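J.: could you look at this predicted model? Sequence included:
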Amino acid sequence: MSKPRSTLDPMTGPAVDIEYVRKRYGGTEALAGVSLSVPRGSVFGLLGPNGAGKSTLVKVLLTIVRPTECRGTMLGARIGDRKTLAKVGYLPEHARFPGYLTGRQVLEHSAGLAGVSAAETRKRIPALLELVGAASWAHLKVGTYSKGMGQRIGLAQALVNEPEVVFLDEPTDGVDPEGRIEIRKMIERMRAEGRTVFVNSHLLAEVEQVADQVAILARGRVIESGPVAQLTRRARRYEIRTLGPVPLELRDRLTSGGLSVAGDSIALEADDATPVQPVIDALRAAGVTIREIKEARYSLEEIFLQALKGQGKEAA
């Protein structure tokens, strides 16, 4: 597949720059003033619990849902610009295609809707089918596909117009572990080609492995955002493992000092390793053998849960 135009003629500024987005459904505010920025050529993860407004935000950006208020740009043009939307690919959540069409016919139909010429379509489809691992069964009707097979065809149709920005709503939904690894590699390849990939997913471990930046949405608001590496290392955590459980008396002393002790594991948060030294001294004085000391980082799941906890029970 050829590279998108943005890699050949680089443009400055973010791929998506949302200044302010609101969406009300009657008395319910699905989006309550969302703002975020997605760098070009990056993988951006949008996270949040069910009902947080993730799919609504994506549909507003794609003009599928009309916003109550929207200020922002995509690829330098205002959100909703028709010419810009021609440079966008989209895999919706629970994507469904006519069961009487074959996988190849789905791609041909999608290419036609996107204005791709017949000659260009004939060239692109074999490469797309190979990319998503669907070449051997593209002649079968979609109605016979498993959920994972349907997702692969959905990914292919999202790329049929050689988009600069690709929106993937739960791209690994219904896909087996091997398929998830392959989809992750596809996303990494899209980024390497210069595309911007916007991933909406509830699988935090999957997002953490591939995303450059994330935003956490709750009750229609962005409650946390930033580079994944920065978020997961914003506070250091040290873990000490002992040979056998920590003695009861020492455990009580450590927990009263604010440390977390469970069995043979001691955990503490600190900006550097200095506070670890007194713990080591106390363990040695008690005759406890230390078998491991390591600096750990927060997982994206832990950051996610902490952010939701800060919003109270409603968000969780």
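T.: Structure's in. What do you need?
J.: okay, and for the protein, where does confidence drop off?
T.: For the chain, the stretches flagged by pLDDT under 70 are 1-12, 234-235, 310-316.
J.: helix or strand: which one has the residue positioned nearest the centre of it?
T.: Closest to where the C-alpha atoms of the chain average out (C-alpha atoms, centre = their mean) is residue 45, at 2.9 Å. Per DSSP states H and E: residue 45 is located in strand 43-47.
J.: that strand pairs with which strands, parallel or anti?
T.: strand 196-200 (parallel), strand 213-218 (parallel) (DSSP bridges).
J.: on contacts alone, who are the packing partners of the very next helix or strand once past it?
T.: Past strand 43-47, further along toward the C-terminus, the next helix or strand under DSSP H and E is helix 54-61. Under the contact definition 3 or more C-beta pairs under 8 Å, 6 or more residues apart in numbering; DSSP states H and E, helix 54-61 sits against strand 16-25, strand 28-38, strand 43-47, strand 165-169, strand 196-200. Yep, even glycine has a C-beta here, placed from its N, CA and C like the rest.
J.: export helix 54-61 as PDB, just CAs?
T.: Included here for helix 54-61 are C-alpha records, laid out as PDB according to Å, rounded to 0.1, in the frame of the first residue of the first chain:
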ATOM      1  CA  LYS A  54     -16.400   7.800  23.500                       C
ATOM      2  CA  SER A  55     -18.500   6.700  20.500                       C
ATOM      3  CA  THR A  56     -20.500   9.900  20.600                       C
ATOM      4  CA  LEU A  57     -17.300  11.900  20.300                       C
ATOM      5  CA  VAL A  58     -16.000   9.800  17.300                       C
ATOM      6  CA  LYS A  59     -19.400  10.200  15.600                       C
ATOM      7  CA  VAL A  60     -19.400  13.900  16.100                       C
ATOM      8  CA  LEU A  61     -16.000  14.100  14.500                       C
END
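J.: so which of the helices and strands packed on helix 54-61 is nearest residue 208?
T.: strand 43-47 (8.0 Å; C-beta to C-beta).
J.: what's the neighbour count on residue 251?
T.: In terms of burial, residue 251 registers 16 neighbours under the definition other C-beta atoms under 10 Å.
J.: show me what contacts it?
T.: The neighbours of residue 251, taking C-beta atoms under 8 Å, 6 or more residues apart in numbering as the test, are 245, 261.
J.: so it is in which element?
T.: Under the criterion of DSSP H and E, residue 251 resides in helix 248-256.
J.: give the buried residues for that helix.
T.: For helix 248-256, a neighbour-count test (16 or more other C-beta atoms under 10 Å) marks 250-251, 254 as buried.
J.: and the strands in the stretch 201-316 of the chain?
T.: 213-218, 221-227, 237-242, 260-262, 265-269, 290-296 (DSSP state E, counting those that start in this stretch).
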